[in-house]
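Chemist: Here is a sequence with its predicted model. Questions after.
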Amino acid sequence: MQNFRLIKSLIFGFTAALVFANANASAAEKNIVLFITDDQSPTLGCYGDSIASSPHVDALAKDGTMFRNAFATTASCSASRSVVLSGLHNHANGQYGHQHHFHKFNSYPNVVALSLPRVLANAGYRTGRVGKYHVAPEEVYFFEQTIQSNPRKPTEMAEACAEFIGDQSDDKPFFLYFATSDPHRSGGVEKSSTLELKPNLFGNPPKRSVGADSPENVFDPQTVPIPAFLSDTPETREELAMYYQSCARVDRGLGRLVEILKAAGVYDKTLIVVTADHGMAFSGGKTTVYEGGLKVPFVVRDPYQQNRGVESSALISHVDITPSLIDFAGQLNSETNGPKNWVNPDKFWRSQGRYVNENRGPKKGMKSWHGKSWLGILGDSDPQHQDSIFASHTFHEIQMYYPMRVYRDTKYKLIWNIAHKLDYPFASDLWIASSWQAQYKKGLDAPYGNKTVVQYIQRPKFELYDVQSDPDEAYNLAGKEEFAEILKIYQNKLKDRQKELDDPWVMKWEYE
């Protein structure tokens with residue numbers, strides 16, 4: 001009987017191995033996973049953060065390319081995601097701010113010609129999304145399958161994607177857009193805190209509900225590193241501890257997703273991109289065009305790339321994502337920097353019977369992405385790519401009109417605060433944050449990171465930073481006589497880039 005069971009077990013194991021091998025052999029090549037988190041700075045072990053719990057993204061970095069100089073084009077959730085999914089800056093795609101509720105921003109219908117999920121579907125990919133969407137209209141950013149799961153539970157999100165990933169009913173490769181809501185701030189606060197101003201929970205369960213057997217990584221506020229744009233206060237430390245806990249939960253979700261890809265036999269046939277929509281949700285980060293708002297983690301594992309474990313110095317931005325993924329799919333037209341099989345938006349919308357007489361957005365430029373593919377520089381530690389980045393901000397919430405434009409290269413960064421005569425507007429969740437309110441209540445002259453409270457609220461027209469010698473943007477050089485010529489040079493660089501990109505705010509140089 002025992003021998004019979006052994007033989008039966010061996011036969012079962014052999015059969016399972018054959019099934020797995022056949023599934024692996026028949027799985028489509030060149031699948032794509034775009035894993036994007038919500039409000040996360042490069043606070044990861046692979047970026048040198050000593051307390052971050054990020055073993056899974058660190059493992060991807062060791063087996064891929066980690067970009068040290070990756071930037072969002074805007075530090076606002078909906079606006080940033082529209083850039084990620086279109087390859088166009090906000091003034092061209094039309095989504096200047098939040099999509100939901102009364103904010104009501106959405107992208108121009110003509111963006112359908114360059115929309116990442118639309119172009120990949122046209123190229124023969126099956127497309128699916130899970131988690132936070134936050135762009136509109138759905139007809140432009142259309143995914144064939146919406147996978148339902150709680151975006152605050154990344155591990156459950158990964159589990160929900162198993163059927164989509166393992167589907168081999170046809171020979172199509174897949175594109176999965178995996179978007180967590182962590183580590184975005186949540187509505188609640190940690191009531192067990194002894195501070196008068198309680199820290200936001202950042203989506204974490206309250207401490208009283210976290211038992212010894214909980215998978216949650218709980219961080220000691222006394223050990224968290226303080227970014228230069230924040231003040232070292234008890235309130236800041238408690239909020240950062242909550243933020244790190246939320247980030248750790250995201251990493252566990254990534255780890256489970258990788259396990260599912262491996263079990264389906266497609267891990268070594270799938271490009272994985274890990275990034276965030278913009279920097280952490282603290283004043284000085286999110287909604288600003290400072291480094292704390294724009295600098296993001298960016299790790300790419302290309303299974304077909306020979307060089308692994310590379311730290312790249314290349315200057316890249318979110319506007320590069322769409323052309324890069326289309327390049328990976330073999331569908332990038334190098335002459336137009338657009339899709340090989342471009343779909344005329346006029347014909348598309350007429351075929352749908354919609355938007356025929358409405359403002360469909362720009363007609364010029366709808367054959368080309370603003371970004372540049374980084375596919376060819378993966379595995380290169382010091383490649384030539386972009387010589388500069390352009391960034392912008394116009395809205396976050398509808399009440400927050402404050403247009404800014406940025407030109408940044410590897411030496412200097414120029415910020416043009418177009419509405420500098422207005423007080424800087426706050427996102428509702430950042431205004432009530434304990435880390436901000438603790439300093440605001442001390443008065444306008446109280447320190448806030450490298451600035452004072454009043455300096456944060458009232459911005460000068462121009463800010464010029466030497467990002468080589470002053471990466472924390474502590475010293476504004478724009479008002480110094482010895483930098484007047486450099487300021488003029490960078491103002492012209494910014495103006496030229498705005499003209500090149502057909503940015504309507506370029507007119508503000510002339511009449512204000």
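Modeler: All right, it came through fine. Numbers count the residues shown, from 1 in each chain.

Chemist: Test for you: state the pLDDT assigned to the nearest residue to residue 229 once chain neighbours are set aside.
Modeler: Nearest residue to residue 229, sequence neighbours excluded (CB to CB, 6 or more residues apart in numbering): residue 284, at 3.4 Å. All C-beta atoms are positioned from the backbone trio N, CA, C, and that covers glycine. pLDDT for residue 284: 97.

Chemist: Residue 284 touches residue 295, doesn't it?
Modeler: No: using CB atoms under 8 Å, residue 284 is not in contact with residue 295, being 12.0 Å away.

Chemist: before we move on, the earlier item: the residue nearest to residue 229: helix or strand, and which one exactly?
Modeler: Secondary structure from DSSP states H and E places residue 284 outside every helix and strand.

Chemist: ok, residue 284 and residue 295, which is more surrounded?
Modeler: A direct count of neighbours by other CB atoms under 10 Å for residue 284 and residue 295 places residue 284 higher, at 26 against 22.

Chemist: And the strands in the stretch 301-450 of the chain, which stretches?
Modeler: 310-317, 332-333, 338-339, 389-393, 404-408, 412-417, 447-448 (DSSP state E, counting those that start in this stretch).

Chemist: In JSON lines: those strands, plus mean pLDDT and distance to residue 468.
Modeler: Formatted as JSON lines, these follow (pLDDT from 0 to 100; distance: least, CB to CB, whole Å):
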{"stretch": "strand 310-317", "mean pLDDT": "97", "distance to residue 468": "12"}
{"stretch": "strand 332-333", "mean pLDDT": "98", "distance to residue 468": "33"}
{"stretch": "strand 338-339", "mean pLDDT": "98", "distance to residue 468": "35"}
{"stretch": "strand 389-393", "mean pLDDT": "97", "distance to residue 468": "15"}
{"stretch": "strand 404-408", "mean pLDDT": "98", "distance to residue 468": "11"}
{"stretch": "strand 412-417", "mean pLDDT": "98", "distance to residue 468": "8"}
{"stretch": "strand 447-448", "mean pLDDT": "98", "distance to residue 468": "24"}
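
Chemist: could I get those strands as a markdown table with mean neighbour count and distance to residue 75?
Modeler: What follows is the strands of the stretch 301-450 of the chain, written out as a markdown table (neighbours: other CB atoms under 10 Å; distance: least, CB to CB, whole Å):
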| stretch | mean neighbour count | distance to residue 75 |
| --- | --- | --- |
| strand 310-317 | 20 | 12 |
| strand 332-333 | 19 | 28 |
| strand 338-339 | 24 | 27 |
| strand 389-393 | 25 | 7 |
| strand 404-408 | 23 | 10 |
| strand 412-417 | 23 | 12 |
| strand 447-448 | 20 | 17 |
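
Chemist: Can you tell me which of the ones you listed is nearest to residue 140?
Modeler: With CB to CB as the criterion, residue 140 lies closest to strand 338-339 of those, at 14.4 Å.

Chemist: Show me what the closest one is packed against.
Modeler: strand 332-333 (3 or more CB pairs under 8 Å, 6 or more residues apart in numbering; DSSP states H and E).

Chemist: Need the residues that contact the strand it packs on.
Modeler: Residues from elsewhere that reach strand 332-333 (CB atoms under 8 Å, 6 or more residues apart in numbering): 323, 326, 338-340, 342, 373.

Chemist: farthest pair in those residues?
Modeler: Comparing every pair within these by CB to CB identifies 342 and 373 as the most remote, at 16.3 Å.

Chemist: More neighbours: which of the two?
Modeler: Using other CB under 10 Å as the criterion, residue 342 and residue 373 rank with residue 373 on top: 22 against 16.

Chemist: List the residues that contact the residue lying closest to the more buried one once chain neighbours are set aside.
Modeler: By the measure of CB to CB, 6+ apart, the closest residue to residue 373 outside its immediate chain neighbours is residue 327, 4.0 Å from it. Contact analysis of residue 327 by CB under 8 Å, 6+ apart lists 373, 375-376.
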